[in-house]
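> sequence? don't have it. structure:
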């Protein structure tokens, strides 16, 4: 079983919405921060959103008013609600977890593809 398992990606039209889910199977101490990165072919993986266990939320400027990150501790699941999607949001989205700072991911999921058509 993967430690982090994403779901919810797929095709969507410009302006549409998707909600990504990430089932987190690492323990509490290993997931002080959870978040999402995205990557397009030939490019580096780019940070999108993070959520610390104590509640602090960090969002990339490009998604600030459109994406929301949340966590259901009872379900051990992290969500990325994506609204008003744009073609430039097309990417493979990866869930991550860190025992420390969000900038130091230790665990990664396998990714879920999001494709936004114009």
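Nice, I can see it. As the structure is a computational prediction, the values presented were derived from the model and not from experiment.
> contacts, neighbours, all on C-alpha from now
OK.
> how about the helices of this protein, start to end?
In order along the chain, the chain carries no helices (DSSP state H).
> For the residue nearest the centre of it, which non-adjacent residue is spatially closest?
Nearest residue to the geometric centre of the chain (Cα atoms, centre = their mean): residue 36, 2.7 Å. Computed as Cα to Cα, 6 or more residues apart in numbering, the closest residue to residue 36 that is not its neighbour in sequence is residue 95, at 4.6 Å.
> My read is that the residue nearest to the centre of the chain contacts residue 93, right?
Yes: if you go by Cα atoms under 8 Å, residue 36 and residue 93 touch, sitting 6.7 Å apart.
> What residues does the residue nearest to residue 36 make contact with?
When contacts are counted by Cα atoms under 8 Å, 6 or more residues apart in numbering, residue 95 touches 4-6, 22, 34-37, 108-111.
> Give me the buried entries from those.
For these, a burial check counting by 16 or more other Cα atoms under 10 Å picks out 4-6, 22, 34-37, 108-109, 111.
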